[in-house]
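> sequence first, then the predicted structure:
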2 protein chains.
Amino acid sequence: MADTHCLESLIQALRRLPGVGIKSASRMAFHLLQHDRPGALLMAQALQQAADHIRHCSLCHTFTENEVCATCLDPKRDRSKLCVVETPADQAAVERTAAFRGLYFVLMGKLSPLDGIGPNDIGLAKLFARATEGDVQEVILATNFTAEGEATAHVIGEALRAKGLRVTRLARGVPAGSELEYVDLGTIAHALVDRR
Amino acid sequence: MADTHCLESLIQALRRLPGVGIKSASRMAFHLLQHDRPGALLMAQALQQAADHIRHCSLCHTFTENEVCATCLDPKRDRSKLCVVETPADQAAVERTAAFRGLYFVLMGKLSPLDGIGPNDIGLAKLFARATEGDVQEVILATNFTAEGEATAHVIGEALRAKGLRVTRLARGVPAGSELEYVDLGTIAHALVDRR
């Protein structure tokens, strides 16, 4: 309809969000316009601000508003350890454990040949440069334990070992608090192999 | 982190969308910033435009950018029939059937006492004024066949019948293309009662 051009544009724009189809987008648009116009304006502003100001840390590649992120600038971090993760969300998960005080490199993706995502698309050259400069003594591969995450870890591990770096991978095993009966076989098999 | 204030704001803003929690909001923010910045800007613009320009049709209460929506202005519509629906999406669903050429009244909600939504919140007074003015001879209740939709239809039906209007409800029955074996009992029972 000619007189709901704005509504159509909004629904089409919302469909660009991952996991949002035409029905969800319509429901979102209806909710914002009918029940939460301040939310719509807030979101418009937040999107604009984020798109304008957020860029990648020149050292670890994570999202930041500055040239170098706060974590990379923190003088208390252990500069000999570099933890490689897929996304800022994964980095946040590792940070929440408070078990790692080194630095990070955020791939912002993973190798995924089926989707046409190769080494150049996830900044591997930048990682190799970062890992071989100065203080880094150990690279900890903390990519996800999915097929693509494992492949990514494998490729990075091979390349960095060839440069003489110490490369480790997060341990696979039985999750804390779980009962063996309900843990899948592959996980138990890995936990047996990696027993200590 | 102090240097990702924009990112935090964006995630918080996206959480205001219905059905979006913290993990979905983070994934959406990551997707937009990493893979679709034009999409983020487009969405910001669409939200701003929609919030600025979209208001309610003074006749049928649906979303429009004008004083009166295109459907209400259409001289080819049958002004003796008024179809009451809950949302613009429901209106669009009825329109797609091409089986109704009358006018609409869009409640923009439904009676929902548990959520504190009463007759005043869904503009029933406006509907009653609209239904009793001029040309309307039949009001077709096309609210959803949920508990709340049925209750809404009941309240509206009673009030309009008291004003001497003809009030009908969409037929309940077995959906087209379905096999009786897989249709729920309540639907078959209704289809038996309403048999023709």
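Yes, it's here.
> buried set for the lowest-mean-pLDDT helix or strand in chain A?
One helix or strand of chain A scores below all others by mean pLDDT, DSSP states H and E: helix A:185-193, with a mean of 85. By 16 or more other Cβ atoms under 10 Å in any protein chain shown, the buried positions in helix A:185-193 come out as A:187, A:190-191. Glycine gets a C-beta too; all of them are placed from N, C-alpha and C.
> what do you get for stretch A:26-37?
A:26-33, A:36.
> so what touches the least confident helix or strand of chain A?
For helix A:185-193, contacts defined as Cβ atoms under 8 Å, 6 or more residues apart in numbering or on different chains pick out A:172-175, A:180.
> need the buried residues of stretch A:26-37 in a markdown table with secondary structure, can you?
Below are the buried residues of stretch A:26-37 laid out as a markdown table (DSSP: H, G, I helix; E, B strand; the rest coil):
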| residue | secondary structure |
| --- | --- |
| A:S26 | helix |
| A:R27 | helix |
| A:M28 | helix |
| A:A29 | helix |
| A:F30 | helix |
| A:H31 | helix |
| A:L32 | helix |
| A:L33 | helix |
| A:D36 | coil |
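> out of these, which touch chain B?
A:26-33, A:36 (Cβ under 8 Å from any Cβ of the partner chain).
> which one of these sits closest to A:K163?
A:M28 (47.6 Å; Cβ to Cβ).
> and stretch A:163-179, how far from the chain's centre?
When distances are taken as Cα atoms, centre = their mean, to the nearest Å, stretch A:163-179 is centred 18 Å away from the chain's centroid.
> repeat for stretch A:144-152
Centre-to-centre, stretch A:144-152 and its host chain are 13 Å apart (Cα atoms, centre = their mean).
> quick check, distance from the least confident helix or strand of chain A to the centre of its chain.
The answer for helix A:185-193 is 26 Å, by Cα atoms, centre = their mean.
> check stretch A:140-160 too.
On Cα atoms, centre = their mean, the centre of stretch A:140-160 falls 13 Å from that of its chain.
> report the buried residues of that stretch.
Buried, per 16+ other Cβ under 10 Å, within stretch A:140-160: A:140-144, A:148-150, A:152-153, A:155-157, A:159-160.
> swap in stretch A:130-138?
Neighbour-count burial for stretch A:130-138 [16+ other Cβ under 10 Å]: A:130-131, A:136.
> and the ones next to chain B among the buried residues of stretch A:26-37, which two are the farthest apart?
Maximum distance among those (Cβ to Cβ): 15.1 Å, for A:S26 and A:D36.
> which stretches of chain A form helices?
A:5-14, A:22-35, A:37-53, A:70-73, A:88-97, A:124-132, A:147-162, A:185-193 (DSSP state H).
> closest to B:G109 among the contacts of helix A:185-193?
A:P175 (43.6 Å).
> burial count for that closest one?
8 (other Cβ atoms under 10 Å in any protein chain shown).
> what's the nearest residue to it if we skip its chain neighbours?
Leaving aside its sequence neighbours, A:P175 sits nearest to A:V183 (Cβ to Cβ, 6 or more residues apart in numbering or on different chains; 7.4 Å).
> could you do A:S24 as well?
For A:S24, the spatially nearest residue (Cβ to Cβ, 6+ apart) is B:G19, at 7.1 Å.
> hang on, the earlier thing: can you add pLDDT and give the ones next to chain B among the buried residues of stretch A:26-37 back as TSV?
Formatted as TSV, those follow (pLDDT from 0 to 100):
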residue	pLDDT
A:S26	92
A:R27	92
A:M28	95
A:A29	94
A:F30	93
A:H31	93
A:L32	95
A:L33	93
A:D36	93
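> quick one, what contacts A:F128?
A:159-160, A:163.
> just the pLDDT at it, thanks.
At A:F128, the model reports a pLDDT of 91.
> relative to chain B, how far out is the most centrally placed residue in chain A?
For chain A, A:T87 is the residue whose C-alpha lies nearest the centre (Cα atoms, centre = their mean; 0.7 Å). Counting by Cβ to the nearest Cβ, to the nearest Å, the separation of A:T87 from chain B is 6 Å.
> and that residue, what does it touch?
The neighbours of A:T87, taking Cβ under 8 Å, 6+ apart as the test, are A:106-109, B:30.
> repeat the analysis, applying 6 Å as the threshold.
Contact analysis of A:T87 by Cβ atoms under 6 Å, 6 or more residues apart in numbering or on different chains lists B:F30.
> list only buried entries from the contacts of helix A:185-193.
A:G173.
> turn the contacts of helix A:185-193 into TSV, columns for distance to B:N120.
Output for the contacts of helix A:185-193, formatted as TSV (distance: Cβ to Cβ, whole Å):
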residue	distance to B:N120
A:R172	59
A:G173	59
A:V174	57
A:P175	51
A:L180	58
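> adding pLDDT, write the contacts of helix A:185-193 out as TSV.
Shown next, in TSV, are the contacts of helix A:185-193 (pLDDT from 0 to 100):
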residue	pLDDT
A:R172	85
A:G173	87
A:V174	87
A:P175	87
A:L180	84
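> quick one on the thing from earlier: the residue nearest to A:P175: neighbouring residues, count only.
14.
> surely it and A:V174 touch.
Yes - counting by Cβ atoms under 6 Å, A:V174 is a contact partner of A:V183 at 5.5 Å.
> grab the nearest non-local neighbour of A:A25.
A:A25 sits nearest to A:L14 (Cβ to Cβ, 6+ apart), 4.0 Å away.
> ok, that neighbour touching A:K23?
No - the pair A:L14 / A:K23 is not scored as a contact, 11.0 Å apart, by Cβ under 6 Å.
> which one of the two is surrounded by more residues?
A:L14 (23 against 10).
> now that one: how far from B:R15?
As judged by Cβ to Cβ, to the nearest Å, A:L14 and B:R15 stand 14 Å apart.
> pLDDT weak spots in chain A?
A:1-3 (pLDDT under 70).
> rerun that using 80 as the cut-off
A:1-4, A:120, A:123, A:134, A:195-196 (pLDDT under 80).
> what's the span of stretch A:180-189, first residue to last?
This stretch, stretch A:180-189, spans 11 Å end to end (Cα to Cα, to the nearest Å).
> ok now do the closest residue to A:A46 other than its chain neighbours, which residues does it touch?
Counting by Cβ to Cβ, 6+ apart, A:A46 lies nearest to B:A13, which is 3.9 Å off, once chain neighbours are set aside. Residues counted as contacts of B:A13 (Cβ under 6 Å, 6+ apart) are A:42-43, A:46.
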